[in-house]
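1. this one's structure only:
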């Protein structure tokens, strides 16, 4: 095998990395809003449970959370783990981890909204639901978008952690090829992929920030 014959396999693995990235965002962004709702819920027991969940997600390594989600059903309930479950375990672990971070980002964004916004909406006859989704959420999103961008860029690199449960994404394949060929070339190729992926994501998020800033109040 020549030094770069692994590239087609790494290209296939990179598709899996992108899938992890996209599905994590699609699930964790709205889930983070639900977690935020529980975090500020007037019903204190629920708020405490959600705060504890956020503390666990932010205070323990994502790699450890991956292994708990993957191996937990077997060790806790004796459920046999299938090979297909690896994919679901990766998505579940990533989604609940990033939802906790997004929830705290949202909380900071909502706290930055002046109280007068809600009062003005009440005077105009807006319901609480309409006020939340048409006034508060858009303003919060504009405020926290730079912080969300940082988390999204981090997610690009975190997709490599799927190797912890042997899910076949790009870094897992690069690690296997580097071990079998005693070559650094697979790691170099992986580094180039993550770098280019991050540049693309950063450019897209920068364009999104400029777009939403045009509607700033």
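-> Received the coordinates, thanks. Since this is a predicted model, take the numbers as computed values, not measurements.
2. for whatever helix or strand residue 171 lives in, packing partners?
-> Applying DSSP states H and E as the criterion places residue 171 in helix 170-181. Secondary-structure packing of helix 170-181 (3 or more C-beta pairs under 8 Å, 6 or more residues apart in numbering; DSSP states H and E): helix 7-39, helix 185-213. In short, each C-beta sits where N, CA and C put it, glycine included.
3. following the first one, which helix or strand comes up?
-> Of the helices and strands lying after helix 7-39 in sequence (DSSP H and E), the nearest is helix 44-59.
4. re earlier: redo the helices and strands packed on helix 170-181 as CSV? Include distance to residue 93.
-> Putting these into CSV (distance: least, C-beta to C-beta, whole Å) gives the following:
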stretch, distance to residue 93
helix 7-39, 9
helix 185-213, 20
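5. residue contacts, the residue lying closest to residue 160 once chain neighbours are set aside?
-> Sequence neighbours aside, residue 171 is the residue nearest to residue 160 in space, at 3.7 Å (criterion: C-beta to C-beta, 6 or more residues apart in numbering). For residue 171, the contacting residues are 13, 17, 159-160, 162-163, 190, by C-beta atoms under 8 Å, 6 or more residues apart in numbering.
6. now residue 171: how far from residue 122?
-> Remark: distance between residue 171 and residue 122 (C-beta to C-beta, to the nearest Å) = 51 Å.
7. So what's the gap between stretch 98-118 and the chain middle?
-> Relative to the mean C-alpha coordinate of its chain, stretch 98-118 is positioned 17 Å out (C-alpha atoms, centre = their mean, to the nearest Å).
8. avg pLDDT for that stretch?
-> Averaged over stretch 98-118, pLDDT sits at 88.
9. Identify all contacting residues around that stretch.
-> 24-25, 27-29, 31-36, 39-40, 50, 53-54, 57-58, 131, 135-136, 139-141, 143-144, 147-148, 151, 155.
10. Now which of these would you call buried?
-> Buried members of the contacts of stretch 98-118, scored by 16 or more other C-beta atoms under 10 Å, are 24-25, 27-29, 31-32, 35-36, 39, 50, 53-54, 57, 131, 135-136, 139-140, 143-144, 147-148, 151, 155.
11. if we can go back for a sec, could you tell me the least trusted of the helices and strands packed on helix 170-181?
-> Looking at these, the lowest mean pLDDT belongs to helix 185-213 (a mean of 89).
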